[in-house]
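A.B. asks: All I have is the shape, not the residue letters:
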């Protein structure tokens, strides 16, 4: 049986077929989202004296401890990153991904797959990041030959050896990236299952191998991949921010496939121990995660790097923004209306003098605390530097957009101001618009309505293709964060209060 000295989750063991020819420990993290400083359980900035978790310095300490423990147990450790290092705090806003590159070098990342947010700065920003890292960045289902800035800089797979064992790691990127980020027109995102099948074939053509898919597809897609693609041994995932620990054993076409994911925001470090036979087959495994709780001491070198990177951010953070009588959490905004989302939608609505406000839940990256809120908090909540725009759409098109959003949920879920609806699951029952007097009226299919939203949705992001073809558009609005500060500081007119819950 494999030992689990650092694993918080219970062990799962497959029956041993033979004495292992190699013993490895795959350490893994995903969706770090630039959370270099400690966070709360809601992924917001952690104030001094709070229940502070995660952070780059704790992550460095956890990685070092896991490596030491693995080596003491006769296992070769390998650290893999499931993508979305980019975006989520002022560190990314100010350093444009180079803070993440520096910290990953310090952690000793062995390989990484791209997440959709690695494309947020376009091909030029990703190219700068790739120049700054010293490990392979993988994307087996991205064709980059037509993009001069990235051609030849992404690899489909990377191979690692430990004694007689050969691990082949294939990177898989969500094919939704063009609607979620800004990869530009020259990159082509292909089917992940086809790319995974090709990686398996090429890996085993060269001899025995253990094939690991390092995936930024989401938990549901990972399980489907495990069921459908022969030859995969392990899938380490990302994108859906799911904590899968201990790993799930999914029945694949020709072998059991281990599927794991380590949550998000640097709160957990995953570890998956593998015993491998001469053919690279997994004969036994154990896995789980370590939560980076306040009792874990920080790594001094990483803490010093965080302090250095944070120094130019202090002037921004010290600027007061507004006071909040109660916190506005981001939890659940991807599944149901939330006060934080309504506030952002209302801020854009007032700023653009529109009838309706529409914000996507994926644009809300952290909650806002009660009490004094600074610009650092605001820019952690809204880190995309989006601007407000006003578009004109007919009521029938708005109904189509609501139906799209209800079916999609997650990052595209609508957070609304002056528009409400009733639904049965994903089936829209009715929708109403509030007028200037505060009265509600049914959404009229043929009437034209003005809608304030952000420039990401305006260009069709999150699948809102109908927003890219409005009747009219006004695109010179303020930054969304500026509009929110005006609203919550009282500078945008009458005080805002969250709507009462329905019913």
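C.D. replies: Perfect, thanks for sending it. Owing to the predicted nature of the structure, the values given are computational and were not obtained by experimental measurement.
A.B. asks: ok, then the element right after the worst-scoring helix or strand of the chain on mean pLDDT?
C.D. replies: One helix or strand of the chain scores below all others by mean pLDDT, DSSP states H and E: helix 314-318, with a mean of 84. The helix or strand immediately downstream of helix 314-318 is strand 320-324, counting by DSSP states H and E.
A.B. asks: And the contacts of that next one?
C.D. replies: 368-375, 377-378, 485, 488-490 (Cβ atoms under 8 Å, 6 or more residues apart in numbering). Using the backbone N, CA and C atoms, a C-beta is placed for each residue, glycine as well.
A.B. asks: Buried residues in it, which are they?
C.D. replies: Judged by neighbour count (16 or more other Cβ atoms under 10 Å), strand 320-324 contains these buried residues: 321, 322, 324.
A.B. asks: what about the nearest residue to residue 370 once chain neighbours are set aside, distance to residue 40?
C.D. replies: Spatially, and ignoring its direct neighbours in sequence, residue 370 is nearest to residue 327 (4.4 Å; Cβ to Cβ, 6 or more residues apart in numbering). Distance, residue 327 to residue 40, by Cβ to Cβ, to the nearest Å: 10 Å.
A.B. asks: the more surrounded of these two?
C.D. replies: Comparing residue 327 with residue 40 by other Cβ atoms under 10 Å, the one with more neighbours is residue 40, at 20 against 17.
A.B. asks: In space, what's closest to that one - neighbours in sequence excluded?
C.D. replies: residue 46 (5.0 Å).
A.B. asks: Give me the contact list for stretch 126-140.
C.D. replies: For stretch 126-140, using Cβ under 8 Å, 6+ apart, the contacting residues are 86, 96-98, 100-102, 104-105, 109-114, 118-119, 121, 149-150, 153-158, 169-173, 192, 195-196, 198-199, 214.
A.B. asks: One more pass at 7 Å, please.
C.D. replies: 96-98, 101, 104-105, 109-114, 118-119, 149-150, 153-158, 169-173, 195, 199, 214 (Cβ atoms under 7 Å, 6 or more residues apart in numbering).
A.B. asks: Could you tell me which of these count as buried?
C.D. replies: Members of the contacts of stretch 126-140 classed as buried by 16+ other Cβ under 10 Å are 96-98, 101, 104, 109-114, 118-119, 149-150, 154, 156-158, 169-173, 195, 199, 214.
A.B. asks: sorry, back to before: restricted to strands, list the contacts of stretch 126-140.
C.D. replies: The strands, defined by DSSP state E, take in 111, 112, 113, 157, 158, 169, 170, 171, 172, 173, 214 from the contacts of stretch 126-140.
A.B. asks: Format the residues you listed as CSV; extra columns: distance to residue 182 and pLDDT.
C.D. replies: As requested, the ones in strands among the contacts of stretch 126-140 are exported to CSV (distance: Cβ to Cβ, whole Å; pLDDT from 0 to 100):
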residue, distance to residue 182, pLDDT
111, 24, 98
112, 19, 98
113, 18, 98
157, 26, 98
158, 26, 98
169, 26, 98
170, 25, 98
171, 19, 98
172, 20, 98
173, 14, 98
214, 23, 98
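A.B. asks: and of those, the nearest to residue 144?
C.D. replies: residue 173 (11.0 Å; Cβ to Cβ).
A.B. asks: What's the first helix or strand after the longest helix anywhere in the chain?
C.D. replies: Looking across the chain with DSSP state H, the single longest helix is helix 56-72. Sequence order places strand 76-81 as the next helix or strand after helix 56-72, per DSSP H and E.
A.B. asks: name the helices or strands packed onto that next one?
C.D. replies: strand 22-29, helix 56-72 (3 or more Cβ pairs under 7 Å, 6 or more residues apart in numbering; DSSP states H and E).
A.B. asks: partners of that strand in the sheet?
C.D. replies: Sheet pairing of strand 76-81 (DSSP bridges) gives strand 22-29 (parallel), strand 111-113 (parallel).
A.B. asks: any idea which of those is most buried?
C.D. replies: Highest mean neighbour count among the strands paired with strand 76-81 (mean count of other Cβ atoms under 10 Å): strand 111-113, with a mean of 28.
A.B. asks: Skip ahead from it and say which helix or strand is next.
C.D. replies: Assignment by DSSP H and E places the next element after strand 111-113 at helix 122-132.
A.B. asks: Average pLDDT for that following helix, rounded please.
C.D. replies: Average pLDDT, helix 122-132: 98.
A.B. asks: Centroid-wise, who is the farthest residue in this protein?
C.D. replies: residue 437 (39.8 Å; Cα atoms, centre = their mean).
A.B. asks: where's residue 407 relative to residue 423, distance?
C.D. replies: Distance from residue 407 to residue 423, by Cβ to Cβ: 10 Å.
A.B. asks: still on that earlier bit, export the helices and strands packed on strand 76-81 to JSON lines and tack on distance to residue 415?
C.D. replies: JSON lines is the format used below for these (distance: least, Cβ to Cβ, whole Å):
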{"stretch": "strand 22-29", "distance to residue 415": "29"}
{"stretch": "helix 56-72", "distance to residue 415": "30"}
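A.B. asks: Columns mean pLDDT and distance to residue 470 on top of those, output as a markdown table?
C.D. replies: Shown next, in a markdown table, are the helices and strands packed on strand 76-81 (pLDDT from 0 to 100; distance: least, Cβ to Cβ, whole Å):
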| stretch | mean pLDDT | distance to residue 470 |
| --- | --- | --- |
| strand 22-29 | 97 | 40 |
| helix 56-72 | 98 | 42 |
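A.B. asks: can you tell me which of these comes nearest to residue 141?
C.D. replies: Closest to residue 141 of those, according to Cβ to Cβ: strand 22-29, at 19.5 Å.
A.B. asks: Bridge partners for residue 258, pull those for me.
C.D. replies: Applying DSSP bridges, one finds that residue 258 bridges with residue 234, residue 249.
A.B. asks: That one and residue 211, how far apart?
C.D. replies: 11 Å.
A.B. asks: Could you check the pLDDT of residue 501?
C.D. replies: Residue 501 is given a pLDDT of 62.
A.B. asks: I meant to write residue 50 there.
C.D. replies: Value for residue 50, per-residue pLDDT: 82.
A.B. asks: Which residues are in contact with residue 295?
C.D. replies: Residue 295 touches nothing, counting by Cβ under 7 Å, 6+ apart.
A.B. asks: Using the three-state scheme, assign it.
C.D. replies: With DSSP: H, G, I helix; E, B strand; the rest coil as the basis, residue 295 sits in coil.
A.B. asks: Return the distance of it relative to residue 58.
C.D. replies: Taken as Cβ to Cβ, the span from residue 295 to residue 58 is 10 Å.
A.B. asks: picking that back up, quick one: which two of the contacts of strand 320-324 are the most distant?
C.D. replies: 369 and 490 (18.3 Å).
A.B. asks: If you count surrounding residues, which of the two has more?
C.D. replies: More crowded of residue 369 and residue 490, by other Cβ under 10 Å: residue 369, with 21 against 12.
A.B. asks: quick one: contacts for the nearest residue to the more buried one once chain neighbours are set aside?
C.D. replies: Distance criterion Cβ to Cβ, 6+ apart; nearest residue to residue 369, sequence neighbours excluded, is residue 327 at 5.4 Å. By Cβ under 7 Å, 6+ apart, the contact set of residue 327 is 367, 368, 369, 370.
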